[in-house]
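Chemist: predicted coordinates and the sequence they were generated for:
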Amino acid sequence: MMAAGPASASDVDWQILTSDSGRPGGIAQWSGPDTFRVCDNQADGLRAWGRATWGSGSSTTLQDANGAGTCTTGHTNSLKAGVPLTMEICLRDGPTGPLRYCVTKTGKA
């Protein structure tokens, strides 16, 4: 996993944002065919946490603990076009804190 700045909306197939007020603190992005990214979008002391689930229960979970303006990227090698995909994005305080401001979206890869 590597840190990188958030991708622009034109670089992703779809994305979801956390439900916190003001500027969303977390972004989850999926870029076909196999890239899932979780980005910390705000210097609020929280980290972005995200999960992508597809097919018959395959999933990947990522946390971006690198600070505001960074992303953690993972790959979903077994995900194929047309398969149902569910993404979740939340914020959390530390690596095991409770998940907050969560949003879930389902679509097709």
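Modeler: That came in fine, so what should we check first? Everything numeric here is computed off the predicted structure, so don't read it as measured data.

Chemist: rest of the way, CA atoms for contacts and neighbours
Modeler: Will do.

Chemist: burial count for the nearest residue to W54 once chain neighbours are set aside?
Modeler: Nearest residue to W54, sequence neighbours excluded (CA to CA, 6 or more residues apart in numbering): L85, at 4.5 Å. Close neighbours of L85, defined as other CA atoms under 10 Å, add up to 20.

Chemist: what comes into contact with the one helix or strand W49 maps to?
Modeler: Per DSSP states H and E, W49 falls inside strand 47-54. Under the contact criterion CA atoms under 8 Å, 6 or more residues apart in numbering, strand 47-54 has outside partners 25-28, 36, 38-40, 59-67, 79, 83-94, 99.

Chemist: which of the residues you listed fall in strands?
Modeler: Residues of the contacts of strand 47-54 located in strands (DSSP state E): 26-28, 36, 38-40, 59-64, 84-92.

Chemist: ok, the most centrally placed residue in the chain to V38 distance?
Modeler: The chain has A28 as the residue nearest its centroid, 2.5 Å off, counting by CA atoms, centre = their mean. Distance check for A28 against V38: by CA to CA, to the nearest Å, it reads 5 Å.
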